[in-house]
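Student: 3D model of this:
(chains A and B)
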Amino acid sequence: MTAILIAEQVLNGLQFGVMLFLMAAGLTLIFGVMGLINLAHGSLYMVGAFAAATIAGATGSFLLALAAALISAALAGALVELVVIRRLYDRDHLDQVLATFALILIFSEGTRWLFGSFPLYLDIPAWLSGPVMLPGGIQYPLYRLALIVLGLLIALGLWLLISHTRIGVQIRAGENDREMIGALGVNISRLYTLVFALGAGLAGLAGALVGAIQSVQVGMGEPVLILAFVVIVIGGIGSIKGALIGALLVGLADTLGGIFLPELLKLFTDPAKATATGSAFASMAIYILMAVVLVWRPTGLFGARV
Amino acid sequence: MSREALVNSAALLLLVAVPVWALWADEPFTITLATRAVIFALAAAGLNIALGWGGMVSLGHAVYFGLGGYAMGVLAFHAQNYTPLMDWPFTITGTKSMPVIWLVAMISSAVAALVIGLLALRTSGVYFIMITLAFGQMVFFFAISWPTYGGEDGLSIYVRNSFPGLNTLVPIEFYGLCLSVLCVILFLNARLIRSPFGLALNAARQVPHRVETVGMNPTRLKLSALVISGAVTGLAGALFADLNRFVSPTMLSWQMSGEIMVFVIIGGVGRLFGPVVGACLFVLLEHFLGGVSEYWQVFLGLVLLGIVLFGHGGVVGMIAGRGRTHD
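Tutor: Residues are numbered from 1 along each chain as shown, chains lettered A, B, ... in the order given. Okay, here's the model as predicted:
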């Protein structure tokens, strides 16, 4: 095992983590501001990926496809918020879970109805394909590097939005006291729709970006959604900074665990058994990380202390 | 007799009458469908203990359902291959006997519930939902990547396991067995919620700090409820695997957790027969909507949305009105 291989895996972990951040940021904002647990966030991820694959197939332009993913997921999010979600803010979490579970069924089967069960493919554009040489002699796919950079830029943009703009002030105020900002003349329902659409758009964008590496298929959103939950539990609900750090931790733990645990076990048992056992335990690595954080800090690394 | 008692008696009567009719009309598929409904009802009755009386929104009950299934799968797998489960420090062989399998299923699910509960109950509310979901996914991925017991493909059993005095391969006899188990569990459930423990649990859900003030530990009460809940759902898992003679990671998937929760909610949370009515309704919807369209889950989703947004207290709640004495 060489230093170059390790560096590559660290970059892979970063890339995975940054994409998880796009999902987790929306979820944590929606929870922080509206107090809503949204299981259907993974469906919006899927909507983005399907929109991107369709537009890329029709026009051949990757940038148009990304724009389509962002816009269609944001629109789907706004629509869902107006029709269903806004009736759920005053309900308990149980109703929210069931209603958003119902939304998953509708989105998943509806997409299967429209697009069929076969996966679609979204190609990496020519100007982003191929490897790039990094300092230290590391060859790394340009597209994945672009994902890392883009994800970090979006994180920066979100931070600026939340901490330096008027909307950001309203969002932060909404997290603290929704009645007060209503009394101060802010249109809360519009703010809620906006935040929900923003989160949905980020999820859709993540779906399209990841869809170009993996395949675009029904049900692609839920595994990512559950990982995003792990990220939020680790980072702390409502904290964008927590979401970023949690996402990077989860991305690195998952990628590096999958590589190093089998290698580590090879020191103790025979290789075939070590690979099987190692990969089985590696799939648990991030959840063990979550358990450790829970024992140490039940409200997450950056969550509000209760 | 209260309206809720009427609903309960009607549900029980139907559970006896429909399979008897199916036996007379020679429709074995209806019996299989009813068996499925009864087993789902048992799984949901397990969740109802945690959700309805303990107030714990566990979105990871597929763990216990699947562990119960794997308890049956692993024990029967070793029994049919005549290989020991383990050799050291002492020999454990597989078994085809249902009572032993049930016991193993309940104990392993209870232990899993204890471990998950110890971690998840450090938090509450939305964290609890996410954490139970996450641990469910952990066990799911572990089952997929662990090759010894079939990994992603699951485990098949040639012959259904045996119960003393019954031929479990006859659909109606297996159905009768499952229904008896359900009735015993519901009876114990009714006793449990009237016991001092059940009353304390109820209080722990509603006003935890008062429970604490009178010297009881709400977390410990909830943890005990979760362990009982997991054991019951695990028992259902063992029966479900026996019904299909097959167990796979699908039983551990998050969709399964969601479905078990759906049974409870459409039937009525915190109602003794809520899970029974909910599971029967779900199996009926699945059967009839599935006959109408390949994409029946869209309609299921719409029905669920309707129930959440406009119906309160599930089906039992809508028929029986506000009958919960402890609300």
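Student: make it CA atoms for all contacts and neighbour counts henceforth
Tutor: OK.
Student: which ones are touching residue B:301?
Tutor: Counting by CA atoms under 8 Å, 6 or more residues apart in numbering or on different chains, residue B:301 touches A:101-106.
Student: which residue sits closest to it in space, ignoring its chain neighbours?
Tutor: Of all residues not flanking residue B:301 in the chain, residue A:102 sits nearest, at 4.2 Å (CA to CA, 6 or more residues apart in numbering or on different chains).
Student: For that neighbour, grab the count of nearby residues.
Tutor: 27 (other CA atoms under 10 Å in any protein chain shown).
Student: The helix or strand encompassing it: which residues count as buried?
Tutor: Assigned by DSSP states H and E, residue A:102 falls within helix A:93-115. Burial within helix A:93-115, assessed by neighbour count using 16 or more other CA atoms under 10 Å in any protein chain shown, is assigned to A:93-112.
Student: can you check stretch B:240-247 too?
Tutor: B:240-243, B:245-247.
Student: Just the residues you listed: which are in helices?
Tutor: B:240-243 (DSSP state H).
Student: how far does stretch A:277-289 stretch from start to finish?
Tutor: End-to-end distance for stretch A:277-289: 18 Å, by CA to CA, to the nearest Å.
Student: centre of the chain versus it, how much separation?
Tutor: Remark: stretch A:277-289 is offset 20 Å from the chain centroid, using CA atoms, centre = their mean, to the nearest Å.
Student: In the stretch 1-150 of chain B, what residue lies closest to chain A?
Tutor: residue B:145 (4.9 Å; CA to the nearest CA).
Student: how close does the residue nearest to that residue when sequence neighbours are not counted get to residue B:273?
Tutor: Nearest non-adjacent residue to residue B:145, counting by CA to CA, 6+ apart: residue A:280, 4.9 Å away. From residue A:280 over to residue B:273 the distance is 39 Å, taken as CA to CA.
Student: thought residue B:156 was touching residue B:247?
Tutor: Yes - counting by CA atoms under 8 Å, residue B:156 does reach residue B:247; the two are 6.6 Å apart.
Student: Check the gap between residue A:54 and chain B for me.
Tutor: 21 Å (CA to the nearest CA, to the nearest Å).
Student: try residue A:238
Tutor: With CA to the nearest CA as the criterion, residue A:238 and chain B are 12 Å apart.
Student: Kindly report the same for residue A:115.
Tutor: Residue A:115 is 12 Å from chain B, by CA to the nearest CA.
Student: near chain A, which residues of the stretch 151-300 of chain B?
Tutor: For the stretch 151-300 of chain B, the contact set with chain A under CA under 8 Å from any CA of the partner chain comprises B:258, B:261-262, B:265, B:295-300.
Student: Please pick the buried ones from those.
Tutor: B:258, B:261-262, B:265, B:295-300.
Student: between these, which is nearest chain A?
Tutor: residue B:298 (4.4 Å).
Student: show me where the chain has strands.
Tutor: All of this refers to chain A. A:131-134, A:138-141 (DSSP state E).
Student: Sorry, I should have been clearer: chain B.
Tutor: Going by DSSP E, chain B shows strands at B:84-86, B:92-93, B:155-156, B:246-247.
Student: Can you tell me which of those is most buried?
Tutor: strand B:246-247 (a mean of 24; mean count of other CA atoms under 10 Å in any protein chain shown).
Student: Apart from its neighbours in sequence, what residue is nearest the residue minimising distance to the centre of chain B?
Tutor: Nearest to the mean C-alpha position of chain B, counting by CA atoms, centre = their mean, stands residue B:43 at 1.0 Å. Nearest in space to residue B:43, with sequence neighbours left out and distances taken as CA to CA, 6+ apart, is residue B:233 at 4.2 Å.
Student: The one you found contacts residue B:39, correct?
Tutor: No - counting by CA under 8 Å, residue B:233 does not reach residue B:39; the two are 9.3 Å apart.
Student: Count the residues that sit near residue 8.
Tutor: With no chain named, the answer covers chain A. Counted with other CA under 10 Å, residue A:8 comes out at 15.
Student: not quite, I wanted chain B
Tutor: 20.
Student: From residue B:86, how far out is it?
Tutor: 45 Å.
Student: where does the residue of the stretch 201-306 of chain A at minimum distance from chain B sit relative to residue B:112, distance-wise?
Tutor: Across the stretch 201-306 of chain A, the shortest distance to chain B (CA to the nearest CA) belongs to residue A:280, at 4.9 Å. From residue A:280 across to residue B:112, the span is 18 Å (CA to CA).
Student: How about residue A:3?
Tutor: 39 Å.
Student: Which one of these two is surrounded by more residues?
Tutor: residue B:112 (19 against 10).
Student: just checking, that one touches residue B:65?
Tutor: No - using CA under 8 Å, residue B:112 is not in contact with residue B:65, being 11.0 Å away.
Student: Residues that sit against both of those two, list them.
Tutor: What both residue B:112 and residue B:65 touch, as defined by CA under 8 Å, 6+ apart, is the set residue B:230.
Student: May I ask which helix or strand of chain A has the lowest mean pLDDT?
Tutor: Within chain A, no helix or strand scores below helix A:271-282, which has a mean of 79 by mean pLDDT, DSSP states H and E.
Student: Can you name the residues in contact with that helix?
Tutor: Contacts of helix A:271-282 (CA under 8 Å, 6+ apart): A:254, A:257-258, A:261-263, A:265-266, B:141-147.
Student: Likewise for stretch B:181-193?
Tutor: B:38-39, B:41-42, B:45, B:49, B:53, B:198-199, B:232, B:272.
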